[in-house]
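Visitor: 3D model of this:
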Amino acid sequence: MQEGLASLEREESRCSSSARASYIPRERGNSNSGSARASRSPIDITINPTDNNNSAKMEQTETEGHNMKESLGFYRDTWAEVNLNAIENNVVNLKKHLPDEVNIMAIVKANGYGHGAEDVAKTALEAGAGSLGVAILDEALELRDKGINAPLLVMGYVKPEYAALAAERDITLTVFQKEWVEKAASCLKDRTGQLKCHIKVDTGMGRLGIRTQEEGKALINSLEKYDNFYIEGIYTHFATADETDSEYFQQQHRRFEEMLSFLEKESGSEIPVKHCGNSATALRFADRCFNMVRFGISMYGLSPSEEITPILPFKLEEAFSLHSSITHVKQLPEGEGISYGATYKTKKDEIVGTIPIGYADGWIRKNSPGEVLVNGERLPLIGRICMDQMMVSLKAPVETGTKVTLIGHQGHEYIPVSEVAARLETINYEIPCMITSRVPRVIMKDAEVKRVIKV
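Guide: Purely as a prediction, here's the structure:
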């Protein structure tokens, strides 16, 4: 069904029929479970009509006469799902929202914000994005190695020694230091072809970029001194576009316009690609984005901030969900301690379930107290979260293997990424990024498993 499973299935064929292949557990106790599925394959994909994002529910079923279960390529009972249809819809909707002349750069840094850069990049390009952006050269090279040939910008600092490598792989670099250009030129002098560059302007972020006209003039003169550089673009980044108070945004925008005008006049030619818009800017100020926007957090269905969520121009579709299963159920009398430090004591006879996910998976201790979904109900986590496991207080006994949803839909209930972020007193950006590579990503498209990856 996906790459890497052939050897796993051969290994399974040598095992006894009692050996347990990897599967994604079903939601127990759902009256719709198992209906009309006798003729389906061992991994059965069904859609729960109550899911607002129409995410797929994967259930393990047994085919008559066969004991071996089809494997998804991992053995643990914890996984994340990435819905590529949500990515696609968010890109399509932004494209409709933007003026025709404004292109989309899909930002896939940090392995696509924890979703999986390769699949997100390909989906975004198919949906209408024209280019890709990453943070570091390594990420760009990995995409090239995957056969992705779209225009590709590295937005972070890259050592000048690697300029030739970037040029060779047709990777565009961000430039903002005259000294960098001089060093890079010496590395490029014996090579044919040009290194594409985007000039970064610091208009008030205080991070990377030129700040003064003197810096800009020196940079432009240095770049134009050599034939090895092509000034393809110029950009800045807004610090407060996700706030309703737009005063600082307006100040940064003015500074960018002034620097752009100065540099184009100094150069005597127009810089082709101009971009200042992140997700918040693209969604709120579509007519002030020049000719390209950088679509990052909201491509994954997450709002740039809670503050501007009510005024977004269209509904974003979250692509990321996180699931596990119950591995053990026990009934404990009143006064029993739960987890390290026995910080939680049972208040009465209590049914406790164990869930195989912990802080080594990125589900940090601060998530308890918090809630998860079991059989479509919100239930509280109890005790401290361990490295690999945590505990939940159950209303009634459930079967081992019952599905647990930590982020996403289950039945009529929903735990969005923003709820987890609020619990952790952080921003939604962090949540999918912090889920570690121990948690396999099940890549979904059109309600089917496309493949399973570790990011």
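Visitor: Quick check: the gap between the nearest residue to S298 once chain neighbours are set aside and N221.
Guide: Spatial nearest neighbour of S298, chain neighbours left out: S279 (3.8 Å); criterion: CB to CB, 6 or more residues apart in numbering. (Glycine included, C-beta is placed from N, CA and C.) For S279, the distance to N221 (CB to CB, to the nearest Å) stands at 34 Å.
Visitor: Likewise for S298?
Guide: Between S298 and N221 the distance is 38 Å, computed by CB to CB.
Visitor: Among these two, which residue is more densely surrounded?
Guide: Neighbours of S298 and N221, each counted by other CB atoms under 10 Å, are more numerous for S298; the result is 22 against 13.
Visitor: any idea how far the more buried one is from A106?
Guide: Using CB to CB, S298 is found at 11 Å from A106.
Visitor: and the residue nearest to S298, how many residues sit next to it?
Guide: When neighbours are defined as other CB under 10 Å, S279 has 26 of them.
Visitor: Next: I351.
Guide: By the measure other CB under 10 Å, the count of residues near I351 is 16.
Visitor: I figured it hits V392, correct?
Guide: No: under the contact definition of CB atoms under 8 Å, I351 does not touch V392, with a separation of 9.4 Å.
Visitor: State the distance from the residue nearest to S298 to S267.
Guide: With the distance defined as CB to CB, S279 ends up 30 Å from S267.
Visitor: While we're on the residue nearest to S298, how confident is the model there?
Guide: Looking at S279, its pLDDT stands at 98.
Visitor: was I right about it contacting Y300?
Guide: No: shown here, S279 and Y300 do not form a contact pair, counting by CB under 8 Å, at 9.4 Å.
Visitor: what distance separates the start and the end of stretch 383-392?
Guide: Between the start and the finish of stretch 383-392 there is a gap of 8 Å, counting by CA to CA, to the nearest Å.
Visitor: Quick one: residues in contact with that stretch.
Guide: Where contact means CB atoms under 8 Å, 6 or more residues apart in numbering, the residues beyond stretch 383-392 that reach it are 326-327, 337-344, 352-361, 363-365, 367-368, 372, 374, 379-382, 404.
Visitor: List the buried residues in that stretch.
Guide: Using 16 or more other CB atoms under 10 Å as the burial criterion, the residues of stretch 383-392 that qualify are G383, R384, I385, C386, Q389, M390, M391, V392.
Visitor: try stretch 191-207
Guide: For stretch 191-207, the buried set under the neighbour-count rule, 16+ other CB under 10 Å, comprises L195, K196, C197, H198, I199, K200, V201, D202, T203, G204.
Visitor: Which of the residues you listed sits closest to E232?
Guide: Within the buried residues of stretch 191-207, distances to E232 taken as CB to CB reach their minimum at K196, with 4.5 Å.
Visitor: for the closest one, what are its contacts?
Guide: Contacts for K196 (CB under 8 Å, 6+ apart) come out as A167, D170, I171, T172, L173, Y230, E232.
Visitor: How about L84?
Guide: Contact partners of L84, counting by CB under 8 Å, 6+ apart, are D119, V120, T123, A319, I443, M444, K445, K450.
Visitor: Give me the phi and psi angles of it.
Guide: Dihedral angles phi and psi of L84 (degrees, to the nearest 10) take the values phi -70, psi -20.
Visitor: Give me the distance between the two termini of stretch 325-333.
Guide: Using CA to CA, the span of stretch 325-333 from its first residue to its last is 24 Å.
Visitor: Same check on stretch 130-141?
Guide: The first and final residues of stretch 130-141 sit 18 Å from each other (CA to CA).
Visitor: what about the longest helix in the chain?
Guide: The helix that spans the most residues within the chain, counting by DSSP state H, is helix 247-267.
Visitor: List the buried residues for that helix?
Guide: Residues F249, Q252, H253, R255, F256, E257, M259, L260, L263, E264, S267 are the ones in helix 247-267 that count as buried (16+ other CB under 10 Å).
Visitor: What are the contacting residues of that helix?
Guide: Contacts to helix 247-267, defined as CB under 8 Å, 6+ apart, come from residues 199, 201, 203-205, 210, 213, 216-217, 220-221, 224, 231, 234, 236, 238-241, 243, 270-271, 274, 276, 281, 285, 288.
Visitor: How about the contacts made by the residue positioned nearest the centre of the chain?
Guide: Centrality entry for the chain: nearest residue to the mean C-alpha point is Y113, 2.9 Å, by CA atoms, centre = their mean. With contact set as CB under 8 Å, 6+ apart, Y113 has these partners: G296, I297, Y300, Y429, P432, C433.
Visitor: Roughly how far does it sit from T354?
Guide: Distance, Y113 to T354, by CB to CB: 30 Å.
Visitor: cool, and E215?
Guide: Counting by CB to CB, the separation of E215 from T354 is 58 Å.
Visitor: next one: E399
Guide: With distances defined as CB to CB, the gap from E399 to T354 amounts to 13 Å.
Visitor: So between these two, which is more surrounded?
Guide: Neighbour tally, E399 and T354, criterion other CB under 10 Å: the higher count belongs to T354, 16 against 12.
Visitor: The protein: helices as residue ranges?
Guide: According to DSSP H, the helices that the chain contains are 5-13, 84-97, 109-113, 117-127, 137-145, 163-168, 178-188, 213-225, 247-267, 279-284, 417-423, 430-434.
Visitor: I'd like those as CSV, with distance to T309 appended.
Guide: Output for those, formatted as CSV (distance: least, CB to CB, whole Å):
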stretch, distance to T309
helix 5-13, 40
helix 84-97, 14
helix 109-113, 18
helix 117-127, 22
helix 137-145, 29
helix 163-168, 37
helix 178-188, 39
helix 213-225, 36
helix 247-267, 17
helix 279-284, 10
helix 417-423, 8
helix 430-434, 16
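Visitor: Nearest to Q331 among the ones you listed would be which one?
Guide: Distances from Q331 to each of the helices of the chain were compared by CB to CB, and the smallest falls on helix 417-423, at 27.8 Å.
Visitor: still on that earlier bit, could you export the contacts of Y113 as TSV, including pLDDT and neighbour count?
Guide: TSV is the format used below for these (pLDDT from 0 to 100; neighbours: other CB atoms under 10 Å):
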residue	pLDDT	neighbour count
G296	98	23
I297	98	21
Y300	98	29
Y429	97	18
P432	97	29
C433	97	17
